[in-house]
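Novice: what shape does this take:
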Amino acid sequence: MVELLTVFQIEKEDGNVRKLSIRGSSIKPTPWLFKVTNDGIRLDDLSLSQIYLAENEIVSLDINEINPLNEIPHWSIISPVLAPAPEFQESLEFEYNLMLDRLEKIDYNIPFGFIFDPFTLPESILREMLKFNPSIFALRTSHLNSYSILPLLEKIMNLRNLISPNIALYLPGGVSVGLQSLLVALGVDILDDSVSAFSAFQGLSFDDFMVKQSDLKTEVLIKINQSFVDLDFRLIESTLKVRDLWERVYRDMHSNPSVATLIKKFDFSSLNLSKFAVDKKNPLYFIGDESLFHPSVQLYQKRTLERYNFPEGIKYILLVPCSSKKPYHLSKTHQTYQSLINKAFRKKKDIISIWSLTSPLGLVPSELESIYPVSSYDIPVSGDWSELEVNVTSKFAVNLLKKVPKDVKILAHTSKGYQKMISQIQKEINLDVSWIDDSPLGSDARSVLLNKLKVCADSSQNFESTKNQKWIRKMIALLQWNHGSEFQVDLENIMFRGRLPYTITVYQRKSQILSWNDSEGRIKLFPNCFMLSNKNSISWVELDGDELKGSTLFSVGVTKASEEINPGDEVIIYSKNREKPLGIGKALISGYSMNRVMNGAVAKVHSKFKSIPEEVIA
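Specialist: Down below sits the predicted model:
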């Protein structure tokens with residue numbers, strides 16, 4: 001047997017959605033929608049054929065062709081000769097083992113896949129199949145409906161965690177309009193349109209993206225269904241180019257009862273949040289309560305609780321409503337709050353920090369308001385929060401406020417719409433509420449807040465802001481957002497070049513140490529800055545060697561990576577056993593996937609360490 005690594009490599013990763021491309025091929029990256037025709041299962045010039053390995057020959061089930069046992073056709077999906085019913089488990093496993101035994105005797109160097117039944121086959125069979133480095137797993141399932149798809153989703157999630165991220169999952173038979181986006185979001189890379197004919201024979205139409213009974217002739221229904229399946233898939237492809245696919249899933253949820261049922265029943269906590277990209281810029285529109293569990297929201301809350309350290313020197317927090325303009329500090333409302341703070345605290349203005357109450361994110365410290373998704377979301381404003389919305393957001397707010405030192409006073413100045421959330425927070429956190437009524441920026445409300453702030457300022461005679469304090473806090477928060485709460489760096493005696501909202505270059509002792517883009521919430525670490533740090537980053541990649549070549553890091557040289565790395569994170573690249581740092585780059589895929597992929601690029605290198613002082617290595 002000639003071992004062939006899977007033909008796919010990850011071009012882009014965002015959760016379980018991976019853009020898989022074929023090395024050296026002009027075929028477009030996944031996801032793919034195959035057309036089922038009389039000539040087989042086709043996508044442009046690519047066709048899949050199902051085969052089984054007989055004792056002395058290979059039989060193609062799709063084109064009725066027989067080949068010698070030593071010649072596997074390209075893009076074959078290998079199936080056992082017999083597929084006994086699930087109740088005959090021993091016979092089923094025997095057929096799969098026989099298939100693998102015959103494959104072991106064949107020399108091959110082409111992309112192929114396996115048929116796999118996630119409901120009946122044990123993981124031991126799957127592990128044996130993985131030894132052959134397949135490029136595709138085609139799932140054997142009965143025709144899907146709203147009753148059978150939920151267990152399948154759970155199986156897909158489990159299977160996605162058991163196989164390499166650059167192995168494609170194919171769901172033969174496909175699914176109806178509205179469900180395709182959810183399947184792709186959960187990690188299915190290949191679908192086909194055979195559901196169009198199957199549904200047509202049942203008298204079902206996909207007209208207007210709705211599944212409904214129809215009296216039209218079967219041949220007419222097939223054409224209608226194919227056109228809407230194809231259009232639905234093309235909308236998924238266009239969404240992946242410019243937007244977040246989960247937005248498409250939630251849109252389908254509101255127009256398709258089957259999708260809505262699945263979203264409400266499925267346990268989305270099983271999603272691996274480390275695989276979601278953190279460097280996205282696309283806008284997010286949070287509409288219903290389902291947004292509370294959007295992966296980007298969950299990731300923001302998880303990272304904030306784990307990595308955000310309350311800044312030194314802050315003695316007061318002012319909780320205010322969020323703003324429609326992002327980042328918040330550019331809005332007129334937040335500029336009004338800041339002007340009142342400046343007027344009351346004067347030179348001591350940096351000892352108070354504005355934090356924003358919002359749904360579905362919950363609560364946002366000012367240092368984090370330029371990161372994704374905080375800088376990129378929009379919500380409908382009604383002033384009426386659902387019970388679930390209040391409970392989920394206030395729970396996160398309480399957990400975040402528990403990180404605040406006891407001697408820090410927390411003020412709240414909000415509109416009446418936030419009253420339920422404030423009440424929930426007050427059950428566990430002591431708040432000094434200055435206003436919780438209509439028009440929080442009306443003349444009366446501003447006067448009340450200003451007087452409250454002056455009282456706070458007058459009792460803070462011993463505190464005074466230092467130069468660039470607010471900028472330094474933001475930079476430290478962004479560094480720790482990427483490298484972890486334990487990452488520390490000396491930012492004393494630094495100089496800035498540039499002005500906001502443009503990129504700021506940070507120097508120390510005439511040496512560039514950081515590049516900070518506040519509008520995108522991104523900060524770039526340079527080797528000199530790493531030398532000034534405690535080197536305690538949780539975002540690292542370890543190589544099998546002590547030299548870093550080129551500007552692209554490939555999986556073939558990676559021995560281990562931190563599974564705290566998300567796509568888009570900055571990473572420290574080390575030599576073997578992390579003996580010395582070699583460079584700094586940007587992760588193209590997650591650390592989870594770096595540890596499991598068989599080929600492809602994993603990071604782009606932007607800086608290399610030219611000479612390493614002994615104290616850095618130590």
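Novice: ok, now which ones touch Ile110?
Specialist: Going by C-beta atoms under 8 Å, 6 or more residues apart in numbering, Ile110 touches Leu4, Ile72, Pro73, His74, Trp75, Ser76. For glycine as for every other residue, the C-beta is placed from the backbone atoms N, C-alpha and C.
Novice: and the helix or strand hosting Val36, what does it pack onto?
Specialist: According to DSSP states H and E, Val36 maps onto strand 32-37. Identification of packing neighbours for strand 32-37 by 3 or more C-beta pairs under 8 Å, 6 or more residues apart in numbering; DSSP states H and E yields strand 40-43, strand 190-192, helix 218-242.
Novice: closest to Glu547 out of those?
Specialist: Of all the helices and strands packed on strand 32-37, helix 218-242 sits nearest to Glu547, with 36.4 Å by C-beta to C-beta.
Novice: return the following helix or strand past that closest one as CSV; C-alpha atoms alone will do.
Specialist: Per DSSP H and E, the first helix or strand lying C-terminal to helix 218-242 is helix 245-255. Taking Å, rounded to 0.1, in the frame of the first residue of the first chain, the C-alpha atoms of helix 245-255 are listed here in CSV:
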residue,chain,number,x,y,z
LEU,A,245,-22.6,31.6,8.3
TRP,A,246,-24.4,31.4,11.6
GLU,A,247,-26.3,34.5,10.6
ARG,A,248,-27.6,32.5,7.6
VAL,A,249,-28.5,29.6,9.9
TYR,A,250,-30.5,31.9,12.1
ARG,A,251,-32.2,33.5,9.1
ASP,A,252,-33.2,30.0,7.9
MET,A,253,-34.4,29.3,11.4
HIS,A,254,-36.9,32.1,11.2
SER,A,255,-38.3,30.9,7.9
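Novice: from the chain's centre, how far out does helix 245-255 sit?
Specialist: Relative to the chain's own centre, helix 245-255 is displaced by 16 Å; criterion: C-alpha atoms, centre = their mean, to the nearest Å.
Novice: returning to what we had before: so can I have a markdown table of the helices and strands packed on strand 32-37 showing mean pLDDT, mean neighbour count and distance to Ser423?
Specialist: Compiled in a markdown table, the helices and strands packed on strand 32-37 are given as follows (pLDDT from 0 to 100; neighbours: other C-beta atoms under 10 Å; distance: least, C-beta to C-beta, whole Å):
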| stretch | mean pLDDT | mean neighbour count | distance to Ser423 |
| --- | --- | --- | --- |
| strand 40-43 | 85 | 17 | 56 |
| strand 190-192 | 96 | 23 | 47 |
| helix 218-242 | 95 | 17 | 38 |
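Novice: now these in a markdown table, with distance to Thr141?
Specialist: Below are the helices and strands packed on strand 32-37 laid out as a markdown table (distance: least, C-beta to C-beta, whole Å):
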| stretch | distance to Thr141 |
| --- | --- |
| strand 40-43 | 16 |
| strand 190-192 | 12 |
| helix 218-242 | 18 |
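Novice: out of those, which is closest to Arg18?
Specialist: helix 218-242 (10.5 Å).
Novice: now for that closest one, which elements pack on it?
Specialist: By 3+ C-beta pairs under 8 Å, 6+ apart, helix 218-242 packs against strand 32-37, helix 180-185, helix 195-201, strand 204-205, helix 245-255.
Novice: check which residues of the first one are buried.
Specialist: If you call a residue buried by 16 or more other C-beta atoms under 10 Å, then strand 32-37 has these buried ones: Trp32, Leu33, Phe34, Lys35, Val36.
Novice: same check on the second one?
Specialist: Judged by neighbour count using 16+ other C-beta under 10 Å, the buried positions of helix 180-185 are Gln180, Ser181, Leu182, Leu183, Val184, Ala185.
Novice: ditto for stretch 600-610
Specialist: Gly600, Val602, Ala603, Val605, Ser607, Lys608, Phe609.
Novice: repeat that for stretch 261-268.
Specialist: Those would be Leu262, Ile263, Phe266, for stretch 261-268 by 16+ other C-beta under 10 Å.
Novice: pLDDT score assigned to Pro68?
Specialist: For Pro68, the pLDDT comes out at 58.
Novice: thinking again about what came up before, now distance to Gln461 too, for the buried residues of helix 180-185, in CSV please.
Specialist: Compiled in CSV, these are given as follows (distance: C-beta to C-beta, whole Å):
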residue, distance to Gln461
Gln180, 64
Ser181, 58
Leu182, 59
Leu183, 62
Val184, 60
Ala185, 55
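Novice: from Glu570, how far out is the nearest residue to Glu306 once chain neighbours are set aside?
Specialist: With sequence-adjacent residues excluded and distances taken as C-beta to C-beta, 6 or more residues apart in numbering, Glu306 is closest to Ser485, at 6.6 Å. From Ser485 across to Glu570, the span is 16 Å (C-beta to C-beta, to the nearest Å).
Novice: which one of these two is surrounded by more residues?
Specialist: Glu570 (24 against 16; other C-beta atoms under 10 Å).
Novice: what are the contacting residues of the strand holding Val36?
Specialist: 41-43, 48, 174, 180, 189-194, 197, 229-230, 233.
Novice: what's the farthest-apart pair in those?
Specialist: Asp189 and Ala197 (22.3 Å).
Novice: go through the buried residues of strand 32-37 and name the one nearest Ser533.
Specialist: Of the buried residues of strand 32-37, the one sitting nearest to Ser533 (C-beta to C-beta) turns out to be Trp32, at 44.1 Å.
Novice: low-confidence ranges, the stretch 451-600 of the chain, go.
Specialist: Along the stretch 451-600 of the chain, the model assigns pLDDT under 70 to residues 463-465.
Novice: on that earlier part again, how about the contacts made by the residue nearest to Glu306?
Specialist: Per C-beta under 8 Å, 6+ apart, neighbours of Ser485: Glu306, Arg307, Tyr308, Asn309.
Novice: helix, strand or coil for the spatially closest residue to the second one that is not a sequence neighbour?
Specialist: For Arg307, ignoring the flanking residues on the chain, the nearest one in space by C-beta to C-beta, 6+ apart is Ser485 at 4.7 Å. Put simply, Ser485 is coil when judged by DSSP: H, G, I helix; E, B strand; the rest coil.
Novice: can I assume Glu579 is in contact with Gly545?
Specialist: No - Glu579 lies out of contact with Gly545 (C-beta atoms under 8 Å); the separation is 10.8 Å.
Novice: between the strand holding Val36 and helix 218-242, how many degrees?
Specialist: With axes from the mean of the first three to the mean of the last three C-alpha atoms, to 10 degrees defining the directions, strand 32-37 sits at 160 degrees from helix 218-242.
Novice: who does strand 32-37 pair up with?
Specialist: strand 40-43 (antiparallel), strand 190-192 (parallel) (DSSP bridges).
Novice: how distant is it from the center of its chain?
Specialist: 28 Å.
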